[in-house]
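>>> Got a predicted model here, sequence first, then my questions.
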Amino acid sequence: MTNYEKIQKANPQLTIYQVGDEQFRDYGIVYKQFDLTEINDYMARVAVTAANQYVPKNPAIEQMSVIHEISRDVFGGMALSAGQCVGHCDAFSAVEFHQGSEVNITFTDVIMVLGKRRDLRNYEFHAVDDAQIFYIPQGTVFEMFSDTLHYSPIEVTPAGFKAVVVVLNGTNESLPSSFKTHTPMLVKKNKFQLAHVTRTDKVKAGILPGVKGPLVQVRPIQD
């Protein structure tokens, strides 16, 4: 039984698609031309943290040839930020989008819960009704379009997950204290986010509790 079959069996209440399925075409593109040898070697030495850890900019990753190739082939030569996202996550507890696509590289199997910005209404998103769930195998390079709602990768096994996130330079960095905006979803540079009410840490920090309905949770497979 494949890991995809195992994760679907462990979560019979969910419909989990594969990244190669037709449904993914609404959300992004898979790229197969990139050599991941160098970045695989680096990420093999990066430990999975107990919590969910995201590093928006890692100079060691940003100088790698695959990031320069992604800049050239996917982003048309734009400057990029790239860093690792590793740890543990089993729920779709927030939703976000950016102006400009995001590329992820997976170093473990992951689950991604994806939606469309058009389904945001009055700063609310109903994930159970409007999101779709995808299994992404280790070693996948995939783009999520600018209007694709997403959040952290979700682990497939209890060992956690590893990915690298590639975005337009400056995205996900802190805003200056003097920054003012009329956009209530803006929480960091080019990061527009809503949280589920269960994320009391985010709600206390001022992030709108706009992910409505039951929390989408994924039970990892147990070998």
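Good, I have the coordinates. Residues are numbered from 1 along each chain as shown.

>>> Is Thr157 in contact with Ile221, as I believe?
Yes: the criterion here is Cβ atoms under 8 Å, and Thr157 meets it with Ile221 at 5.7 Å. All C-beta atoms are positioned from the backbone trio N, CA, C, and that covers glycine.

>>> Between those two, tell me which one has more neighbours.
Between Thr157 and Ile221, counting by other Cβ atoms under 10 Å, Ile221 is the more crowded of the two (20 against 15).

>>> Find the nearest non-adjacent residue to the more buried one, please.
Residue nearest to Ile221 in three dimensions, not counting chain neighbours: Lys6, with 4.2 Å by Cβ to Cβ, 6 or more residues apart in numbering.

>>> For that neighbour, give its distance to Tyr135.
Note on Lys6: its distance to Tyr135, by Cβ to Cβ, to the nearest Å, is 10 Å.

>>> try Thr200
Thr200 sits 29 Å away from Tyr135, going by Cβ to Cβ.

>>> what about those two, which has more around it?
Neighbour count, other Cβ under 10 Å: between Thr200 and Tyr135, Tyr135 has more, with 24 against 11.

>>> which residues does the more buried one bridge with?
Gln18, Ile111 (DSSP bridges).

>>> helix or strand for the residue sitting furthest away from the middle of the chain, which one?
Residue farthest from the centre of the chain, counting by Cα atoms, centre = their mean, is Ser178 at 28.4 Å. Under the criterion DSSP states H and E, no helix or strand holds Ser178.

>>> Repeat that for Ile67.
Element membership for Ile67, per DSSP H and E: helix 65-73.

>>> Could you identify the helix or strand that succeeds that helix?
Downstream of helix 65-73, the first helix or strand assigned by DSSP H and E is strand 80-87.

>>> Identify the neighbouring strands of that following strand in the sheet and state each direction.
Take DSSP bridges as the rule and strand 80-87 pairs in its sheet with strand 53-54 (antiparallel), strand 161-168 (antiparallel).

>>> Can you tell me what sits against the next helix-or-strand element following the shortest one?
Beyond strand 53-54 on the C-terminal side, the first helix or strand identified by DSSP H and E is helix 59-62. For helix 59-62, contacts defined as Cβ atoms under 8 Å, 6 or more residues apart in numbering pick out 39, 42, 67, 80-84, 164.

>>> ok, these vs Tyr17, which is closest?
Val164 (22.6 Å; Cβ to Cβ).

>>> List the beta-bridge partners for that closest one.
Gln84, Ile105.

>>> What confidence value was assigned to Glu69?
The model reports Glu69 with a pLDDT of 99.

>>> nope, Gln63 is what I was after
On pLDDT, Gln63 comes in at 98.

>>> burial of it, as a residue count?
For Gln63, the neighbour count with other Cβ under 10 Å is 11.

>>> follow-up on the earlier one: by contact count, what packs against the helix holding Ile67?
Here helix 65-73 touches helix 37-43, strand 80-87, going by 3 or more Cβ pairs under 8 Å, 6 or more residues apart in numbering; DSSP states H and E.

>>> For the ones you listed, give me TSV that also has distance to Lys189, mean neighbour count and mean pLDDT.
As requested, those are exported to TSV (distance: least, Cβ to Cβ, whole Å; neighbours: other Cβ atoms under 10 Å; pLDDT from 0 to 100):
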stretch	distance to Lys189	mean neighbour count	mean pLDDT
helix 37-43	24	15	99
strand 80-87	10	22	99
